[in-house]
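Undergrad: Sequence first, predicted coordinates after that:
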Amino acid sequence: MRQKLRLTIKEWRRFWHGIILGIIIISGSAWFLNYNKQNKKALKEHGEYTIATTLKKVWRASRGKTDVQYYFFVKGKIYISWDKLPVVKGHNIEIKVPEGKYMVKYLSENPDISEIDFSKPVTTELKQQHEHKQKRSE
């Protein structure tokens, strides 16, 4: 014969708390992935470029990885962000930290959304072209 499962009130509460917590975690993860996907799409379609300067390497325990913190200016306001340290075939790419200059793509309506391109170090020629372009747009 089949035995009935009898749970105490405390056990039922614990069970339902686990179910609710699981739903919250799954919903939050889905929202975050969708938000991140929308930001990447917006950057790809509407992003603008400027020059960013690296500040330091930062260990992000939440990601279990090292990120690079950087800053850039848009319309005279400073924005500080970070991006993952680039890895190619299991090896970190050599980047200059601090004071490395790289191109960063940002959303003009929300510059807090940005992505640095470590494959595009800024040369003096590129910097001059960028400054000339900025002066023409002012």
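TA: Sure thing, it's come through.

Undergrad: Show me where this protein has its helices.
TA: Along the chain, counting by DSSP state H, helices occupy 9-46, 124-137.

Undergrad: Indicate which one of these is closest to G64.
TA: helix 9-46 (16.3 Å; Cβ to Cβ). For glycine as for every other residue, the C-beta is placed from the backbone atoms N, C-alpha and C.

Undergrad: Against which helices or strands is that closest one packed?
TA: With contacts defined as 3 or more Cβ pairs under 8 Å, 6 or more residues apart in numbering; DSSP states H and E, the packing partners of helix 9-46 are strand 101-107, strand 110-121.

Undergrad: from these, which stretch is densest packed?
TA: Across the helices and strands packed on helix 9-46, averaging neighbours per residue (mean count of other Cβ atoms under 10 Å) puts strand 101-107 on top, at a mean of 20.

Undergrad: chain center to that strand: distance?
TA: Taking Cα atoms, centre = their mean, to the nearest Å, the mean C-alpha location of strand 101-107 is offset from the chain mean by 13 Å.

Undergrad: cool, stretch 112-131 as well?
TA: Averaging C-alpha coordinates over stretch 112-131 and over its chain gives two centres that are 18 Å apart (Cα atoms, centre = their mean).

Undergrad: Need the contact partners of that stretch.
TA: Counting by Cβ atoms under 8 Å, 6 or more residues apart in numbering, stretch 112-131 makes contact with 39-40, 42-43, 47, 49-52, 68, 70, 72, 79, 81, 83, 86, 93, 95-96, 100-107, all of which sit outside it.
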